[in-house]
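Trainee: Sharing a model prediction with you, sequence too.
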Amino acid sequence: TVNNIMPPPKRLQVCGDGQLKAVTFEQLLRRASGAIDTRCVRRLKDHSQRGPESCQTNRSTLQLGSQAGFQAFVFEETVGSFCLSATLTMQGLGKCGLVSRVDANSHDGYYISLDVLKGLAQMRSWGTGPLRSGEEMMQFNALQMGTWYDPDPRKIDIQLLAFGSYHELSVNGSIVLSLIHDRFTHGLLGFYVETADLLIEQLKVDKLAPPTQSDDHLTSG
C-alpha cells in the first residue's frame, strides 16, 4: 500500500580481516559527465563581508577555518547529481561537515555533519515553510545517522554521492549513509566548519548524468 523506493544496489568487498563491507556500485560512477571547478569557493552566508572565517585554495586542496561558530563554504556551480571525494584532516575541537543542494538565498538544503573523533555521521534536511505558517516555518528533519571506526580519527577519506533522490556517504571506503529523499533536487555544494580548521586534500567533484526514470516510475511502473 506504500510506494517504497529501493535505493541502487551496493557492491560487497572482502576486507583484509575477512569481514565484508558495502561500497558504491561502480555503474553510478561511470555516469560522470564532467568535473566541477573546485578552485572557485565562497562563503555561503554573508560572503560579501569580512569576518573571522578563512578560505585558501590551491588546485585540489582547500584550507577552511572558522573561529566564531558555523560557516559554510560552497562552490559557485549549482549541481543536482554529483560525486564528491576528498581527504579531510580535522584540527581543533569544533565540528565539520558537508552541505548539499543548498539554496543560495534561503540556505535550505541538506546538511551532513561529521564528528570525526566519535566516528559519527548525520544527515539532516533544513527547509523554510510559507510565511506566517507558525511552527511549520522552520522545517528541520533528521534523516539518517551512521557510524564508523578509524584508529586515526582526525584524517578520513570521504565520498558523497547524490543521484536523483538517492544520497550516499562513504567514509574510508565503506558506505555509512544510504537513503532516498527528494525534498531538494539541486543547489550549491560545499563544506562547513564550526569553530575548527579543516584541511581538504585530493578534492574532486564530478557531475553525474541524472536518472533516466522518475521516482514515480520506479515505484508504480
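Mentor: Yep, it's here.
Trainee: pull the longest strand from this protein.
Mentor: Using DSSP state E, we find that the single longest strand of the chain is strand 188-208.
Trainee: List the neighbouring strands of it plus their orientation.
Mentor: Strand 188-208 pairs in its sheet with strand 32-35 (antiparallel), strand 61-75 (antiparallel), strand 82-91 (antiparallel), strand 95-102 (antiparallel), by DSSP bridges.
Trainee: Can you flag the weakest of those strands by average pLDDT?
Mentor: Among the strands paired with strand 188-208, strand 61-75 carries the lowest mean pLDDT, a mean of 87.
Trainee: Next secondary structure after the host helix or strand of Gln122?
Mentor: Using DSSP states H and E, Gln122 falls within strand 120-128. With elements assigned by DSSP H and E, the helix or strand that comes after strand 120-128 is strand 138-147.
Trainee: residues in contact with that following strand?
Mentor: 110, 118-129, 169, 176-179, 181 (CB atoms under 8 Å, 6 or more residues apart in numbering). C-beta here means a position set from N, CA and C on the backbone, and glycine is covered the same way.
Trainee: By mean pLDDT, flag the weakest helix or strand of this protein.
Mentor: Every helix and strand of the chain was ranked by mean pLDDT, DSSP states H and E. The lowest is helix 215-220, at a mean of 57.
Trainee: Could you find the closest non-adjacent residue to the spatially most central residue of the chain?
Mentor: Most central in the chain under CA atoms, centre = their mean is Leu98, positioned 4.4 Å from the mean C-alpha point. Distances taken as CB to CB, 6 or more residues apart in numbering put Ile112 closest to Leu98, at 4.5 Å, once the chain neighbours are dropped.
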